[in-house]
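Visitor: Sequence and predicted model, in that order:
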Amino acid sequence: LAEQCVSALCRIQKPPKIYLEKSNHDLLYHTNNIYPGDRDDNLWITYNNYQPPKTQFEWEQTCFLDKCFHGYYEWPKIIKYSMNKRERYTKETMPEHVA
């Protein structure tokens with residue numbers, strides 16, 4: 001019972017994700033060679049384990065998508081991803097019921 005209460009409190013106080021939306025024209029350049037798999041237009045979402053972000057600025061510029069199927073065969077019209085900045089955790093950006 002105590003574990004359920006603590007998990008409920010953590011769920012209530014968790015700050016909501018702030019999503020950013022970009023159209024696929026802002027992120028991609030169009031090529032005539034369209035095929036499924038790893039391509040030049042979806043390399044920005046792949047994780048490169050040889051060059052991890054080392055500074056806070058590099059970390060904030062990294063974009064993470066929570067859907068693994070985006071860009072593998074085709075791109076949606078609008079890509080929605082969560083903000084990867086420390087600024088989303090300030091009191092000004094949180095709703096009143098959380099802060």
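Guide: Sure thing, it's come through.

Visitor: Would it be right to say that Y81 lies in a helix?
Guide: No: going by DSSP: H, G, I helix; E, B strand; the rest coil, the assignment for Y81 is strand, not a helix.

Visitor: Against C10, how distant is it?
Guide: Y81 is 24 Å from C10, where distance means CB to CB, to the nearest Å. Backbone N, C-alpha and C define where each C-beta goes, glycine included.

Visitor: what does K54 give?
Guide: 30 Å.

Visitor: on that earlier part again, quick one, which of Y81 and C10 is more surrounded?
Guide: Y81 (18 against 9; other CB atoms under 10 Å).

Visitor: beta partners of that one?
Guide: Partner residues in beta bridges with Y81, using DSSP bridges, are L20.

Visitor: Would you check that it makes contact with L20?
Guide: Yes: in this structure Y81 lies within contact range of L20 using CB atoms under 8 Å: 6.0 Å.

Visitor: what number of residues lie near P15?
Guide: 14.

Visitor: Now do the SS call for it.
Guide: Three states are possible here, and by three-state DSSP the one that applies to P15 is coil.

Visitor: Next, it: phi, psi?
Guide: phi -70, psi 140 (degrees, to the nearest 10).

Visitor: Now do it against S82, distance only.
Guide: Summarising the geometry, the distance separating P15 from S82, computed by CB to CB, is 11 Å.

Visitor: and if you look at A8?
Guide: A8 is 23 Å from S82, where distance means CB to CB.

Visitor: who has more neighbours, those two?
Guide: Neighbours per residue, other CB under 10 Å: of A8 and S82, the larger number sits with S82, 15 against 10.

Visitor: Spatially nearest residue to that one, not counting backbone neighbours?
Guide: Leaving aside its sequence neighbours, S82 sits nearest to K17 (CB to CB, 6 or more residues apart in numbering; 4.5 Å).

Visitor: Also K22?
Guide: Once flanking residues are discounted, K22 sits nearest to I79: 5.4 Å by CB to CB, 6+ apart.
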